[in-house]
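K.L.:
fold the stuff below for me.
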Amino acid sequence: MWTAAGAAVAAAVWAARTLPADPPAKRAATVWLPRGMAAWLAGFSLLLGGGIASVNTYLPLYGVQRLGLGPTAAAALLAVLGAVGIAARVGWSKAAGREERAVWLPGGLAAGAVVAALLIAVSGRAHALVWVAAVGVGVFAVAANAVSMVLVLQRAAPGRAGQDSALVAAGFFAGFAIGPPLFGLLAEAGRYGTGWLLVAGEFAGAGAVALLWAVRDRGHAVPR
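P.N.:
Take a look at the predicted model:
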């Protein structure tokens, strides 16, 4: 914990000394509830965040209690997920640079995340699958969050990007507040399989929201 605190202080000092000051911006009226595109992406992020937070919280514990991994190996599951997630966020965000592709990416990435969650659910019978699943969560679920922010930057009205991104992020972290406690009730009862199915359901719900928005957005698109 002291190491984590020290890293946070070092990051704060670096940011204060290195990052440029924000240019003056035109102030927009504060909006507390998401609307339009931001509302759809906030709903998507709520479900996505619930699934990701449950994986982050309980995957190492599952590895120790059900797969017989030691604490270091169980922690390595999240390290693999995180390392892959960094590369995936960069790669998929670049792919989302084309708006016609970006609209469909969140739904497709959420579908990949569903497969990853199902692999965790069956990994009790084939332990090696949990490593494949960790990679899958990084490639698909973690990257989907980055792509949603790309969409905010592409679609936000002038002066609204900051507020819209904050509202979408609020949905994501609301998922962090909801997902793990629900999973925890199942884990405490020893029902990990049901818990991973819950995560798969959250990712599937996120995908459904994203695809519904993509279809609606396409129907309202103005030909160029």
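
K.L.:
distance of the spatially closest residue to residue 206 that is not a sequence neighbour relative to residue 72?
P.N.:
What sits nearest to residue 206 in space, not counting adjacent residues and going by CB to CB, 6 or more residues apart in numbering, is residue 47, at 3.8 Å. The C-beta positions use only the backbone N, C-alpha and C, and glycine is treated the same way. In this view, residue 47 and residue 72 are 32 Å apart by CB to CB, to the nearest Å.

K.L.:
which parts of the lowest-mean-pLDDT helix or strand in the chain are buried?
P.N.:
Ranked by mean pLDDT, DSSP states H and E, the weakest helix or strand in the chain is helix 99-102, scoring a mean of 82. For helix 99-102, burial by neighbour count (16 or more other CB atoms under 10 Å) applies to residue 102.

K.L.:
just the C-alpha atoms of it, please, in CSV.
P.N.:
Presented in CSV, the C-alpha positions along helix 99-102 are these (Å, rounded to 0.1, in the frame of the first residue of the first chain):
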residue,chain,number,x,y,z
GLU,A,99,-16.5,7.2,-37.4
GLU,A,100,-18.5,4.7,-39.5
ARG,A,101,-16.5,1.9,-37.9
ALA,A,102,-16.4,3.4,-34.4
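
K.L.:
what comes up buried for the next helix or strand after that helix?
P.N.:
Downstream of helix 99-102, the first helix or strand assigned by DSSP states H and E is helix 105-122. For helix 105-122, burial by neighbour count (16+ other CB under 10 Å) applies to 105-114, 116-121.

K.L.:
ok, those vs residue 88, which is closest?
P.N.:
Looking at the buried residues of helix 105-122 and their distance to residue 88, the nearest is residue 109, at 8.8 Å (CB to CB).

K.L.:
and the closest one, what does it touch?
P.N.:
Neighbouring residues of residue 109 by CB atoms under 8 Å, 6 or more residues apart in numbering: 92, 140, 141, 143, 144, 147.

K.L.:
quick check: pLDDT value at residue 215.
P.N.:
Note for residue 215: predicted pLDDT of 89.

K.L.:
try residue 33
P.N.:
Model confidence at residue 33 (pLDDT) stands at 69.

K.L.:
mind giving me the packing neighbours of the helix or strand hosting residue 208?
P.N.:
Using DSSP H and E, residue 208 maps to helix 192-220. Judged by 3 or more CB pairs under 8 Å, 6 or more residues apart in numbering; DSSP states H and E, helix 192-220 is in contact with helix 37-65, helix 105-122, helix 161-188.

K.L.:
what's in contact with the next helix or strand after the second one?
P.N.:
On the C-terminal side of helix 105-122, the closest following helix or strand by DSSP H and E is helix 129-136. Contact with helix 129-136 is made by 59, 62-63, 67, 77-78, 80-81, 84, 112-113, 115-117, 119-120, 122-123, as judged by CB under 8 Å, 6+ apart.

K.L.:
ok so, going back, how about the helix holding residue 208: buried residues?
P.N.:
So helix 192-220, judged by 16+ other CB under 10 Å, has buried residues 192, 195-200, 202-211, 213-214, 217.
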